[in-house]
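Novice: model the following, please.
(4 chains, ligands or ions: 6)
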Amino acid sequence: MSNIDLSVEIAGVKFKNPVMAASGTFGFGREFADYMDLNGLGAISVKGLTLAPRPGNKPPRIAETPAGILNSVGLQNPGVEAFIKEELPFLRQFDTKIIANVAGSTIEDYCEMVEILSDADIDAIELNVSCPNVKAGCVSFGNTPGGIAEITKRVKPYCKKPLIVKLTPNVTDIKEIAIAAEDAGADALSLINTILGMAIDIHKKRPILANNVGGLSGPAVKPIAVRMVHEVSRVVKIPLIGMGGISNGDDAIEFMLAGASGVMVGTYNFIDPAACLEVVTGIESYLTKYNYSNAYDVIGKLELNG
Amino acid sequence: MSNIDLSVEIAGVKFKNPVMAASGTFGFGREFADYMDLNGLGAISVKGLTLAPRPGNKPPRIAETPAGILNSVGLQNPGVEAFIKEELPFLRQFDTKIIANVAGSTIEDYCEMVEILSDADIDAIELNVSCPNVKAGCVSFGNTPGGIAEITKRVKPYCKKPLIVKLTPNVTDIKEIAIAAEDAGADALSLINTILGMAIDIHKKRPILANNVGGLSGPAVKPIAVRMVHEVSRVVKIPLIGMGGISNGDDAIEFMLAGASGVMVGTYNFIDPAACLEVVTGIESYLTKYNYSNAYDVIGKLELNG
Amino acid sequence: MSKVLKEKIYSIEKLAPNIFKMTVESEYIAKNAVPGKFVNVKCGEGINALLRRPISICSIDREKHTFDIVFQLKGIGTEILSQKQAGAEVDLIGPLGQPFDLSDEYKNIAVIGGGIGVFPLLSLLKEKKSVSKTAFLGFRNKEYIVLMDEFKSASDRLFISTDDGSAGHKGLIIDLLEKDLLENNFDLIYTCGPLPMIKKVVEIANKNGIKCQVSLEQRMGCGIGACLVCACKTKLGDEWEYSHVCKDGPVFWSDEVIFDE
Amino acid sequence: MSKVLKEKIYSIEKLAPNIFKMTVESEYIAKNAVPGKFVNVKCGEGINALLRRPISICSIDREKHTFDIVFQLKGIGTEILSQKQAGAEVDLIGPLGQPFDLSDEYKNIAVIGGGIGVFPLLSLLKEKKSVSKTAFLGFRNKEYIVLMDEFKSASDRLFISTDDGSAGHKGLIIDLLEKDLLENNFDLIYTCGPLPMIKKVVEIANKNGIKCQVSLEQRMGCGIGACLVCACKTKLGDEWEYSHVCKDGPVFWSDEVIFDE
Ligand SMILES: Cc1cc2nc3c(=O)[nH]c(=O)nc-3n(C[C@H](O)[C@H](O)[C@H](O)COP(=O)(O)OP(=O)(O)OC[C@H]3O[C@@H](n4cnc5c(N)ncnc54)[C@H](O)[C@@H]3O)c2cc1C
Ligand SMILES: Cc1cc2nc3c(=O)[nH]c(=O)nc-3n(C[C@H](O)[C@H](O)[C@H](O)COP(=O)(O)OP(=O)(O)OC[C@H]3O[C@@H](n4cnc5c(N)ncnc54)[C@H](O)[C@@H]3O)c2cc1C
Ligand SMILES: Cc1cc2nc3c(=O)[nH]c(=O)nc-3n(C[C@H](O)[C@H](O)[C@H](O)COP(=O)(O)O)c2cc1C
Ligand SMILES: Cc1cc2nc3c(=O)[nH]c(=O)nc-3n(C[C@H](O)[C@H](O)[C@H](O)COP(=O)(O)O)c2cc1C
Ligand code: FES
Ligand code: FES
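Specialist: Ligands and ions are numbered 1, 2, ... in the order given. Below you'll find the predicted structure:
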């Protein structure tokens, strides 16, 4: 399998392979180093950062649903400065790209964070404009073309790193949101973030999550995510990073065929802490089986039925 | 369990229990009569009807996804007249309510069908304004407040039966759609229809469905559906019929707590052709366990976490 | 009538790489099944492999009250099914669908099957009343040639092909049928297997003026005719309509079906 | 360090209605586990019961290279787990979390457990070096009182209560602790069980100036400290922060935790 070139280029950054850890599911990488060689990853998108540290939501913050989970972590994180000082040096020991995932409650927050991170040793910035788990927050930016255009445009001048805008699936037409982000200067798009959901404890007659609602992720959402990646890939020129329910190489190939240059693994890291590497191996086996030599032999190569 | 009153009233119709078969998953009831006593059902919502007969989409029309299915039947049906002549008499043998589910490509289609059905021996009409599986079609009506208001308002004068409007989940804000339908004269709302999705055959490098995309249903969508029922129940006064992934009594109770007066069972009819009755039994056991005497002891009784 | 049944697995056996035979104890199926019908099996628990999987009935032992299915590992459903043990329960609905026409007017019959499609033809051969029965069976290679004793004793003449020539004729089983037709004729050809093979058989049958029954596959939802997903194009006068494999099939007369999709 | 392990089930036994003991062969866990740690078990295959389930280690046999877990049927995960057979494989990550403090400075210790929470205390009692050990164990009723030989031989004094009085004291196990405290004192109380009980124990410990360790539960995602879902409020100077049960716990000093949610 050695002569297969798994590398992909997204927003000017060369990733050694298309597989990345999804933000919020991988912490700052430390915990997973026990279970796998982090050098094997294309990239790590770190836990969503905010300007100031955030305690996050009350527990319970997770509920299992059929083939999925709801989470409402509420962006617990140490803040962007602490990340740079205390987490980034650890991450930088590994030969993998680091994506800083940022969220804010005002556009000014985003601009300030992006400015700070532009001077840090990271490879790209991912704007989380769609986190469904914080009350006053980033939800509103991500679900209208106007909102996403504005935040992207305003942030862009502060951004000296490649800018990835992460899209929410909680919209009527993700195509128009994607186009708006592209037009406003996004260098790449990642999708999908979680889908708003609720699970009820019928014995307590209350939602399981203390926050009442949370974001759905995991295998359950895969067909929705694949559809959205496919739709978006037909209307934008910038590269896409696809995610939503990926648990193995075959799932990743679905996203790549649908048009994703990169893929992220989220929830499945919880089930198998070495899941990301299994996805890499799975992609490699698929390419080998079909005698492809290059990730680009698959990316966007879906043929539609007539 | 005999002194539990399972009956519910929705849009002026009294259903013997809250459990109904969801449109498109139950045909016209015939096939299920072998597996259960149809008299045990609260209602049957028949396969979506169109004015003229429709052949439906090319196969494959179904793909399995994690805890769900994608379908793209494309409204294969014999047309509204044939339904009334050939199917309704069979259905009317049973002591259960019959809901006619209708879809069209123009508002005029809807009006004409509703007029025809108003003179037929059915109990309610369910407007499918959100079927994702037909190219030129009803999608567009259901995903904007303006669209749903217009179709509801235009159809209403022709409708001598209680009018249930079925909502699509493929929207940014289902609350505003629900409010628009209520304001325009809907007597009840049913939700959710299927979520647009895609599954790819990575060996053929093509979507599994001949139609490329299809509607996701089954357990996977349950948390999304419960969330939407909850959201809508807080903003409208008309009763709701909840569905999406219900497979047993406990699932049904989740929807009822979230605010649904009735529940529909769809995909699970395929796995267990007696699923609807098992849901009835499950609801009954739950009510018994907690010493409730009435379905309304549960409906809308969710308490939110603070 | 078909029923939802929880039956006991009498035995399970690996016949060939990826091919398993499962014998199920079921008075109901053994009594009511006829060749060509299928069962719809819940392979996984709950949400795991959510939909039932359709599997044809391969043979029926009406005395012992058992029936066999033979299935190939394809994805998650058949994988889970293959791991079940004798003594365990299997949840199935059956018998379902329209069977082969076994009426006496067809005396000289042939069956032609490819791959996993050979197995539903076994019960047909066994149950078709004494006539002249010729079987054409195509396999990938020698390893996949199984249940030969049963096929032999159920047929009068038996032809075998393999893709790689490791046993029987090297090449397509169609070749053997065409060759045989130069000297023999049949009243009815029954066929089951990959669609390209089926199409070819229908073409040959048409050319030779022989009636033909085909057993088709399509992805299913309910298996009982309600969800309308398992569509297949059939003739309706000069027009066409979508019939449904689970209810109107899986066995169709070849001249009913339109193979243009 | 913890590892993803596929280990063999040595035995599984139903101890009481809804309560099962599973003995697992694992050199790694037997070597590395200490009382208070847990394993995170993948109960179902694939998407079935998607998340791993955290289960405390109940006892460790360092010679035989086995460890026990005792679990209660609650939902789908524990249900699937209970159906596994001896000889089968179980997929788990462990040992995880912060253990009980077993240091020698605490001579006279008590454990107080309720329901399923009694079992993690067994390995503590067994492994705590020779001191005075008192166990207070509360059960629903007589049927649930199990592993008593082991608890007896691991403790110096053993008190039992049941909700219905079918064995031991009728009422809360807390009552027995409070009564005993009138005459005895402890250096450290360890507790595990329902949250209301834990809170009460902490209150009593505080009132009596006794140190206390609590083993907490919270719904988990990863079990390894990465996803931050298993939050629990802990003190941070005059303020508070969210710590995480899987990584900073499940065992905490009672004075670290804020029980106001
Ligand atoms: C009437 C009928 C009779 C059949 N008889 C047999 C038999 O005797 N032996 C045998 O090995 N196979 C038979 N098949 C095919 C068998 O149903 C599929 O191989 C099986 O469903 C694959 O399931 P899976 O979970 O292993 O594969 P997956 O690919 O994981 O299945 C995913 C989904 O696609 C469906 N699917 C995949 N392939 C097929 C197919 N070829 N036909 C219909 N649905 C499919 C599955 O049912 C499931 O819903 C028959 C199919 C039909 C329609
Ligand atoms: C550190 C720790 C140690 C534990 N030790 C034991 C033990 O030794 N014996 C035992 O019987 N139980 C123990 N539990 C509780 C056990 O994890 C749950 O009972 C179990 O996860 C329920 O799973 P289920 O699928 O049967 O129930 P379901 O209700 O179907 O589970 C649904 C989801 O909720 C989670 N969940 C439900 N209840 C709990 C709970 N009480 N704590 C954490 N997550 C929960 C499940 O993990 C799962 O993700 C422990 C919990 C923790 C956190
Ligand atoms: C526990 C949890 C926390 C998450 N936190 C973040 C976050 O901080 N920022 C973000 O952009 N996405 C966050 N996500 C979303 C994931 O990055 C990803 O978009 C989503 O989970 C879909 O992928 P999956 O199905 O593989 O999990 C989080 C997801 C989970 C499950
Ligand atoms: C095969 C299939 C066909 C359907 N056809 C219709 C239809 O004709 N009209 C309609 O309003 N909804 C239709 N639906 C949607 C269901 O009525 C229901 O809204 C949806 O499946 C969610 O419920 P479930 O998860 O229980 O299946 C169809 C669903 C399936 C699976
Ligand atoms: S599978 Fe439902 S109609 Fe055939
Ligand atoms: S479960 Fe993920 S941090 Fe504790």
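
Novice: residue of chain C nearest ligand 6, please.
Specialist: Proximity of chain C to ligand 6 (C-beta to the nearest ligand atom) peaks at C:Ile47, 22.7 Å away. The C-beta positions use only the backbone N, C-alpha and C, and glycine is treated the same way.

Novice: was I right to think that residue contacts A:Gly68?
Specialist: No - applying C-beta atoms under 8 Å as the test, C:Ile47 and A:Gly68 come out as separate, 10.3 Å apart.

Novice: sorry, back to before: would you confirm that the residue of chain C closest to ligand 6 belongs to a strand?
Specialist: No - under DSSP: H, G, I helix; E, B strand; the rest coil, C:Ile47 sits outside any strand and is assigned coil.

Novice: what sits against it?
Specialist: Listed by C-beta atoms under 8 Å, 6 or more residues apart in numbering or on different chains, the contact set of C:Ile47 reads A:Pro66, A:Ala67, B:Pro66, B:Ala67, B:Gly218, B:Pro219, B:Ala220, D:Ile47, D:Asn48.

Novice: pLDDT wise, what is the residue of chain A most remote from its centre at?
Specialist: Relative to the centre of chain A, the most outlying C-alpha is that of A:His203, 34.6 Å out, by C-alpha atoms, centre = their mean. In this model, A:His203 is scored at 98, pLDDT.

Novice: now it: how far from A:Thr152?
Specialist: Using C-beta to C-beta, to the nearest Å, A:His203 is found at 45 Å from A:Thr152.

Novice: for C:Lys42, same thing?
Specialist: 48 Å.

Novice: please name the nearest non-neighbouring residue to the closest residue to ligand 1 within the stretch 1-150 of chain A.
Specialist: Nearest residue of the stretch 1-150 of chain A to ligand 1 (C-beta to the nearest ligand atom) works out as A:Ala67 at 14.5 Å. Beyond its immediate neighbours in the sequence, the residue positioned closest to A:Ala67 (C-beta to C-beta, 6 or more residues apart in numbering or on different chains) is B:Ala67, lying 3.5 Å away.

Novice: repeat for C:Arg219
Specialist: Nearest to C:Arg219 is B:Pro60, by C-beta to C-beta, 6+ apart, at 4.5 Å.

Novice: need the contact list for the one you found.
Specialist: For B:Pro60, the contacting residues are B:Ile208, B:Leu209, B:Ala210, C:Gln218, C:Arg219, C:Val229, by C-beta under 8 Å, 6+ apart.

Novice: apply 7 Å and report the result again.
Specialist: B:Ile208, B:Leu209, B:Ala210, C:Gln218, C:Arg219 (C-beta atoms under 7 Å, 6 or more residues apart in numbering or on different chains).

Novice: pretty sure the third one is touching A:Asn305, no?
Specialist: The one in question is B:Ala210. Yes - counting by C-beta atoms under 7 Å, A:Asn305 is a contact partner of B:Ala210 at 5.0 Å.

Novice: who's more crowded, those two?
Specialist: Taking other C-beta atoms under 10 Å in any protein chain shown, B:Ala210 and A:Asn305 do not tie; B:Ala210 has more neighbours (18 against 13).

Novice: can you read off the pLDDT for the more buried one?
Specialist: pLDDT for B:Ala210: 97.

Novice: list phi and psi for it.
Specialist: Dihedral pair for B:Ala210: phi -60, psi -30, per degrees, to the nearest 10.

Novice: residues touching the nearest residue to it once chain neighbours are set aside, list them.
Specialist: Spatial nearest neighbour of B:Ala210, chain neighbours left out: B:Lys58 (3.8 Å); criterion: C-beta to C-beta, 6+ apart. Residues near B:Lys58 by C-beta under 7 Å, 6+ apart: B:Ala210, B:Asn211, C:Glu261.

Novice: closest one of those residues to ligand 1?
Specialist: B:Ala210 (13.7 Å).

Novice: who's in contact with that closest one?
Specialist: B:Ala210 makes contacts with A:Asn305, B:Asn57, B:Lys58, B:Pro59, B:Pro60, as judged by C-beta under 7 Å, 6+ apart.

Novice: same list, those residues, but as JSON lines with secondary structure, pLDDT and distance to ligand 4 please.
Specialist: Supplementary listing: these in JSON lines, determined by DSSP: H, G, I helix; E, B strand; the rest coil; pLDDT from 0 to 100; distance: C-beta to the nearest ligand atom, whole Å:
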{"residue": "A:Asn305", "secondary structure": "coil", "pLDDT": "97", "distance to ligand 4": "18"}
{"residue": "B:Asn57", "secondary structure": "coil", "pLDDT": "95", "distance to ligand 4": "11"}
{"residue": "B:Lys58", "secondary structure": "coil", "pLDDT": "95", "distance to ligand 4": "15"}
{"residue": "B:Pro59", "secondary structure": "coil", "pLDDT": "96", "distance to ligand 4": "12"}
{"residue": "B:Pro60", "secondary structure": "coil", "pLDDT": "97", "distance to ligand 4": "12"}
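
Novice: can you get me a residue count around residue 224?
Specialist: Answering for chain A, as no chain was given. Look at A:Ile224: counted by other C-beta under 10 Å, it has 29 neighbours.

Novice: switch to chain C, that's the one I care about
Specialist: 25.

Novice: neighbours of residue 44, how many?
Specialist: Let's take chain A. 26.

Novice: other chain: chain C
Specialist: Here the number of neighbours of C:Gly44 (other C-beta under 10 Å) works out to 21.

Novice: surely C:Leu176 meets C:Phe136?
Specialist: Yes - using C-beta under 7 Å, C:Leu176 is in contact with C:Phe136, at 5.4 Å.

Novice: any idea how far C:Gly46 is from D:Ile47?
Specialist: To D:Ile47, C:Gly46 is 10 Å away according to C-beta to C-beta.

Novice: residues in contact with C:Pro194?
Specialist: Per C-beta under 7 Å, 6+ apart, neighbours of C:Pro194: C:Gly114, C:Gly115, C:Gly117.

Novice: returning to that earlier point: quick one: contacts for the residue nearest to A:Ala67?
Specialist: A:Pro66, A:Ala67, A:Ala220, B:Gly218, B:Pro219, B:Ala220, C:Ile47, C:Leu50, D:Ile47.

Novice: cutoff 8 Å now
Specialist: By C-beta under 8 Å, 6+ apart, B:Ala67 lies in contact with A:Pro66, A:Ala67, A:Gly68, A:Pro219, A:Ala220, B:Gly218, B:Pro219, B:Ala220, B:Gly245, C:Ile47, C:Leu50, D:Ile47.
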